[in-house]
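1. What would the 3D arrangement of this be:
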Amino acid sequence: MKNLILFLLLLPIFTSAQPLPDWLYGEWDGIGKQSNTQTEWLTWLTFYSDDAAPVVEYPGLECSGHWELQKIEDKTLVFKEVITKSVGRCSQYDRVYVRFKMEGVIEVSYAHNYAPDRIIATLTLRRRQLP
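-> Below is the predicted model of the structure:
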């Protein structure tokens, strides 16, 4: 029983310590589309090579935060979004699913934490080209 409790306490540390795939590192941007509100929003996203929490910004919504890796399922990375600036303007603790589409392109889907199988928004992000 003591080992099970220790495992459960350390599980978030092991999960967040997983290295991200090489194709994910860098700066990304794109336009998201939200189905339940029929809105669109610009997204800027940065994955750091030192595996620090990815930073996400929604400039038009004036909010930003970071993503916490929850698990890797097959070829999908599952994150929890934590909004830290302008909390309340953007949904808090949504699930974010990231998939490789092709070189320089990733697909991102969002679902509320209480309904993880119901996708409410999608976007395609392209790697920013550095000058």
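
2. Find the helix or strand that the residue lying closest to I119 once chain neighbours are set aside is a member of.
-> Leaving out its chain neighbours, the residue that sits closest to I119 by Cβ to Cβ, 6 or more residues apart in numbering is S109, at 4.8 Å. Heads up, the C-betas are built off the backbone N, CA and C, glycines and all. Assigned by DSSP states H and E, S109 belongs to strand 105-111.

3. Just list what that strand packs against, helices and strands only.
-> Taking 3 or more Cβ pairs under 8 Å, 6 or more residues apart in numbering; DSSP states H and E as the contact definition, the neighbouring helices and strands of strand 105-111 are strand 26-34, strand 95-102, strand 119-127.

4. Next, the buried residues of the next helix or strand after the first one.
-> Helices and strands here follow DSSP H and E; after strand 26-34, the next one along the chain is strand 39-47. Judged by neighbour count (16 or more other Cβ atoms under 10 Å), strand 39-47 contains these buried residues: W41, T43, W44, L45, T46, F47.

5. buried sites along the strand holding S109?
-> Of the residues in strand 105-111, those with enough neighbours to count as buried (16+ other Cβ under 10 Å) are I106, E107, V108, S109, Y110, A111.

6. right, and out of those, which lies closest to W67?
-> Using Cβ to Cβ, the shortest approach to W67 within the buried residues of strand 105-111 belongs to V108, at 9.8 Å.
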